[in-house]
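> sequence and predicted structure, then a few things I'm wondering about:
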Amino acid sequence: MNGFDVIIIGGGPAGCAMALDLNLRGYEVALCDQAKFPRDKVCGEFISPGADPILEQLGVLDAIEALSPQRLKGVAISSYESQELEIDYPVSRETDLRPSSLSVPRCQLDALFLERVQNAGVKIFQQHKVTGFVFDQDCVVGVQGWDENKTPFTLKAKLVVDAGGRNALSLKKFSLKRQAQGRSRIAFAAHWQGVEGLNDYCHMHVSQPGYTGISAVGKSQANVVLVVDASAYGDETVETFYHRVLMKNSRRRKILLNGERLEPVRSVESLGFGVKPVSCGGLVLVGDAMGFIDPFTGEGIYLSLRSSQIAAEVIHAGFQKSDFSREFLAGYNKKRHEEFSGKFMLSRALQWLIYNKYFCDAVMKSLSVNQNLAETLAGVIGDIRPVREIVAGGFLAPLFVGCFSKNRRQ
Ligand SMILES: Cc1cc2nc3c(=O)[nH]c(=O)nc-3n(C[C@H](O)[C@H](O)[C@H](O)COP(=O)(O)OP(=O)(O)OC[C@H]3O[C@@H](n4cnc5c(N)ncnc54)[C@H](O)[C@@H]3O)c2cc1C
């Protein structure tokens, strides 16, 4: 068969969520990924608790739970080697329970997700790299590319979804990336064993030249991710640099001293970017392809799943009206902007804050004496509380007044 309702480029969380959603709505879907799964990915590997209901709706949460993943109850954060502050996610208003975040190796998570998509009846093309789009006038109606044998292929559909991540084809073909703001960042990651003192928190240690996220993941392993200013990385090997910077911070040293790295260090450019609107019909971007925020707040997977949900609604409406024009599909951009713009602003503010020792220390002190403020922030970052609770809920005033008055007293 070579005529689908929808073709999806990319089998990461965004592409799989889109495939399952459209499949549940009864559409004929094909998904192409250039990789052969299981494939790995540099990631903090913890998923905002706000993602649980989406994974449940898509019918994958039970299968993820069957992997016996770690469940983290919040973050333990230190500012420039200060005492760690443990912040739990706040009680859910729906269930009256405290939610937790899944911590699962991406290699397992993404392979499981793709398997569920395949079992649902979506046609999967692994090791199929999409290199171009097929057009009918100004509408995308298919994709072209190469399979693992370098044999060209063409697939036709009424609509194409690009879920190709931060290096998605559409970003390059249509020059959609907005100039990245701020300094360039680079991330290094590896799994370890024998890491001590990891309780049920993701440990975030902020200090120069960047920060780390360390959390238990899988069976008796830890994922250790370091994100730094790219300018800090010079002539050293990746391994030497990674270990030197990790061990420079006394908090990390304490946790990692008896640990052992289990694999080569992987590195990836990690600078946030925005995306311009698509200039043709028949094409929708989801997940990281639609913009990437610094991973400090660790919510890319949630945003990918949620952006696919929002887009699937609009695509479904497009099928009902037989309208895949750029104007109609722009409804998705509008909805996505309404839902995520506050979050993106918060992420940018936090990034600025953590690279400034004075404010980072001050805000940490303020959070340490106000549990309600701390949990509200964790709830917003964990996608279980709306961002307006920080902006409009009287949050910022006590946070800053508290931190400055405390500092004055010292
Ligand atoms: C250092 C770092 C730490 C992070 N930590 C966290 C965290 O703790 N929690 C969290 O929620 N998020 C985190 N993120 C973000 C998270 O990894 C991403 O938001 C998420 O992977 C986005 O999913 P996606 O499906 O959009 O893209 P991806 O997961 O990147 O999937 C894209 C897929 O598309 C395929 N593809 C690309 N181009 C083509 C093509 N032309 N043809 C065919 N296939 C193609 C790729 O092979 C890939 O499988 C982190 C990111 C970084 C860089």
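Arrived safely, thanks for sending.

> which is the next helix or strand following the longest strand along the chain?
Of all the segments of type strand in the chain, defined by DSSP state E, the longest one is strand 152-162. Sequence-wise, the next helix or strand downstream of strand 152-162 (DSSP states H and E) is helix 169-173.

> average pLDDT for that next one?
Average pLDDT, helix 169-173: 97.

> about what we covered before: partners of the longest strand of the chain in the sheet?
Within its sheet, and counting by DSSP bridges, strand 152-162 is paired with strand 4-9 (parallel), strand 139-146 (antiparallel), strand 283-285 (parallel).

> reformat these as CSV; add distance to residue 370 and mean pLDDT.
Placement of C-beta: from N, CA and C, glycine included. Converted to CSV, the strands paired with strand 152-162 look like this (distance: least, Cβ to Cβ, whole Å; pLDDT from 0 to 100):
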stretch, distance to residue 370, mean pLDDT
strand 4-9, 44, 98
strand 139-146, 50, 98
strand 283-285, 39, 98
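
> burial measure for the closest residue in space to residue 333 that isn't next to it in sequence, as a count.
With sequence-adjacent residues excluded and distances taken as Cβ to Cβ, 6 or more residues apart in numbering, residue 333 is closest to residue 277, at 5.9 Å. As a burial measure, residue 277 scores 11 neighbours (other Cβ atoms under 10 Å).

> mind checking the SS state of residue 277?
Counting by DSSP: H, G, I helix; E, B strand; the rest coil, the backbone at residue 277 sits in coil.

> for it, give its distance to the ligand.
Separation of residue 277 from the ligand (Cβ to the nearest ligand atom, to the nearest Å): 18 Å.

> give the phi and psi angles for that residue, as a check.
Residue 277 has phi and psi values of phi -60, psi 150 when expressed as degrees, to the nearest 10.

> for the protein, longest helix please?
What stands out as the longest helix in the chain, according to DSSP state H, is helix 326-354.

> anything in it near the ligand?
No - between helix 326-354 and the ligand, judged by Cβ under 6 Å from any ligand atom, nothing touches; the nearest distance is 11.6 Å.

> list the buried residues for that helix?
For helix 326-354, a neighbour-count test (16 or more other Cβ atoms under 10 Å) marks 328-329, 332-333, 336, 340, 342-344, 346-347, 350-351, 353-354 as buried.

> list the contacts of stretch 109-128.
Stretch 109-128 is contacted by residues 1, 4, 11-13, 16-17, 19-20, 23-24, 29-39, 41, 45, 58-60, 63-64, 67, 145-148, 153, 155 when judged by Cβ atoms under 8 Å, 6 or more residues apart in numbering.

> try it again at 6 Å.
Residues from elsewhere that reach stretch 109-128, judged by Cβ atoms under 6 Å, 6 or more residues apart in numbering: 11, 16, 19-20, 23, 29-33, 36-38, 60, 63, 145, 147-148.

> so what's the most centrally placed residue in the chain closest to, chain neighbours aside?
Taking Cα atoms, centre = their mean as the criterion, residue 300 is the residue nearest the geometric centre of the chain, at 1.5 Å. Spatial nearest neighbour of residue 300, chain neighbours left out: residue 288 (6.3 Å); criterion: Cβ to Cβ, 6+ apart.

> ok so the one you found is a strand residue?
No - counting by three-state DSSP, residue 288 is located in no strand; its state is helix.

> the longest helix of the chain vs strand 139-146, what angle?
60 degrees (axes from the mean of the first three to the mean of the last three Cα atoms, to 10 degrees).

> ok, now which ones touch the closest residue to residue 10 other than its chain neighbours?
Closest residue to residue 10 apart from its sequence neighbours, by Cβ to Cβ, 6+ apart: residue 163 at 3.7 Å. Residue 163 makes contact with 8, 10, 14, 15, 286, 287, according to Cβ under 6 Å, 6+ apart.
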